[in-house]
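*Asks:* Here is my input, please return the structure:
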Amino acid sequence: MTKPEPSSPRRRRSGPKPADVPAYQRRDVLDPLPELSLMSVRTPLVEAPGTGGHDWIATGREEVRAVLGDAERFSTGPPAASAEESRRLVQPGNLLQYDLPEHARLRKMLTPEFTVRRMRRMEPVIEEAVADQLDDLESAGPPADLMRHFAWPVPGLVICGLLGVPRDDLADLARVLDIRATSRTNKREVAAKTVDTYLVKIVARKRAEPGDDLLSMLVREHGTDVTDQELAGICSSFIAAALEGSAQMLGLGTLALLLHPGQLTLLRERPELMDRAVEELLRYVAVVSLASPRTALVDVPLAGRVVKAGQVVTCSLLAANRAEMPGAPRDTLDITRENTTHLAFGHGIHHCVGASLARMALRTAFARLLERFPGLRLAAAPHELRFRQLAPQYGVETLPVAW
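*Replies:* Below you'll find the model as predicted:
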């Protein structure tokens, strides 16, 4: 399976950042720019009327956690002129857009499939996907594009195994999802309908002939309590998270290690640090720059200001994970860091339900990659890489490597 070249309407080179990238999203390769730290300290909650539909931007670590953790006073439904309009815009099955009690209903159905015991069933699927793509990477180079031959397909194959989606359909599905995620034209709506139509057909097939995958489990155990549209939406959310979030974590996580050779050497010498390394890479890379927006349901005092009912707050996860506080040591990649706290998987009731699977896949992928290619190195200068500055998940388009 090969990942098609992703569409890239927002390709940018690292270095000087375009004016249309706001300060709370700008990066120099992997690092947030210094002004983000200044924002976090001086204006942890700043008014931003008319900026991408936001009324407020939260960049302070405590403010971000407070907003994301408050499901009683903030709604995660799509921002709209009224509560009724917001509910109408909710994508069925997308847990990030559901408020209580509907969110609890769906999450309760999904949670049993993501226990550690059940996730062990996915270990052979992950190992096979990683081994196959390492073979593909080796055959393609050196040099070879790590994104195309490894980082994109591995999470896609894993999530197809989880959901029971035919792996032969993954390449086309990835292409359409990329259009849905990055396009601002009517192509986005067409792509969204294409994905929905395809996944509803998959759901219908599972209802007729259930297997041992997650979709089949939901069909068997919950029947008509969960609709075809909700099941298709769950599928869509998981696949998008894998093909964007997990793929970019593999790519940018590898890049972070290659740019910090001392940390890479330490991880090779002490593979028992892999669990800590994955958590530190999740924090350091911060693939998801911004959490899904929250709309205040009532007036909420925050950071000495008042967020009025109906106003929209967008939280910078990049700031919460990476902003440097005054007097604190310079933020660096440290795979020996204990008790790494990060918001890479969100916070509160919307914490990623598939976090355990993502961690397992990342641990395996990084470990096998470093074992297979002990001489792994970048085959391009960092300033030559193309980054996805405005995509929902920050990432790199291609990552040339040699060994």
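
*Asks:* I'd say Arg148 and Val396 touch.
*Replies:* No. Contact between Arg148 and Val396 fails when scored by C-beta atoms under 8 Å: they sit 11.3 Å apart. For every residue, glycine as well, the C-beta is placed using N, CA and C.

*Asks:* Give me the contacts around the helix or strand hosting Val219.
*Replies:* Assigned by DSSP states H and E, Val219 belongs to helix 214-222. If you take C-beta atoms under 8 Å, 6 or more residues apart in numbering as the criterion, helix 214-222 is touched by 109-110, 113, 162-164, 202-203, 206-207, 210, 226, 231, 234-235.

*Asks:* Buried ones in it, by neighbour count?
*Replies:* 214-219 (16 or more other C-beta atoms under 10 Å).

*Asks:* which among those gets closest to Gly262?
*Replies:* Closest approach between these and Gly262, by C-beta to C-beta: Leu214, at 40.0 Å.

*Asks:* and the gap between that closest one and Val353?
*Replies:* 11 Å (C-beta to C-beta, to the nearest Å).

*Asks:* How about Ile57?
*Replies:* Ile57 is 27 Å from Val353, where distance means C-beta to C-beta.

*Asks:* Give me the more crowded residue out of these two.
*Replies:* Shown here are Ile57 and Val353; by other C-beta atoms under 10 Å, Ile57 has more neighbours (25 against 20).

*Asks:* Confirm that one sits in a strand?
*Replies:* Yes. Counting by DSSP: H, G, I helix; E, B strand; the rest coil, Ile57 is located in a strand.

*Asks:* Tell me the helices and strands packed up against the lengthiest helix in the chain.
*Replies:* Secondary structure of the chain per DSSP state H: the longest helix is helix 186-208. Packing contacts for helix 186-208, counted by 3 or more C-beta pairs under 8 Å, 6 or more residues apart in numbering; DSSP states H and E, involve helix 170-182, helix 214-222, helix 228-240.

*Asks:* Could you pull up the mean pLDDT of that helix?
*Replies:* Averaging pLDDT along helix 186-208 gives 89.

*Asks:* What of stretch 234-241?
*Replies:* What stretch 234-241 shows for mean pLDDT is 91.

*Asks:* again with stretch 318-328
*Replies:* On average, stretch 318-328 scores 82.

*Asks:* so where is this protein shaky, pLDDT-wise?
*Replies:* Per-residue confidence for the chain (pLDDT under 70) gives these ranges: 1-19, 50-53, 183-184, 326-327.

*Asks:* Quick test: name the residue nearest the centre of it.
*Replies:* For the chain, Gly245 is the residue whose C-alpha lies nearest the centre (C-alpha atoms, centre = their mean; 2.9 Å).

*Asks:* Going by neighbour count, which residues in the longest strand belonging to the chain are buried?
*Replies:* Counting residues, the longest strand found in the chain (DSSP state E) is strand 45-51. Buried positions in strand 45-51, judged by neighbour count with 16+ other C-beta under 10 Å: 45-46, 48.

*Asks:* What is the burial count for Val306?
*Replies:* Counted with other C-beta under 10 Å, residues neighbouring Val306 total 12.

*Asks:* Tell me the secondary structure of it, please.
*Replies:* Secondary structure assignment for Val306 (three-state DSSP): strand.

*Asks:* And for Gln97, the neighbour number?
*Replies:* Counted with other C-beta under 10 Å, Gln97 comes out at 22.

*Asks:* mind listing what it touches?
*Replies:* 76-78, 89-91, 292.

*Asks:* Looking at those, spot the one nearest Arg61.
*Replies:* Nearest to Arg61 out of these is Ser292 (C-beta to C-beta; 18.2 Å).

*Asks:* how close does Glu72 sit to Lys108?
*Replies:* Per C-beta to C-beta, Glu72 is found 19 Å from Lys108.

*Asks:* what does Ala66 give?
*Replies:* Ala66 sits 25 Å away from Lys108, going by C-beta to C-beta.

*Asks:* Looking at those two, which has the bigger crowd around it?
*Replies:* For Ala66 versus Lys108, the count of surrounding residues by other C-beta under 10 Å is larger for Ala66: 21 against 10.

*Asks:* In this model Leu302 seems to touch the more buried one, though I could be wrong.
*Replies:* Yes. Between Ala66 and Leu302 there is a contact under C-beta under 8 Å: 6.5 Å.

*Asks:* How far away from the center of its chain is the helix holding Val219?
*Replies:* Remark: helix 214-222 is offset 25 Å from the chain centroid, using C-alpha atoms, centre = their mean, to the nearest Å.

*Asks:* got it, and stretch 307-315?
*Replies:* Taking the mean of its C-alpha atoms, stretch 307-315 sits 23 Å from the chain's own mean (C-alpha atoms, centre = their mean).
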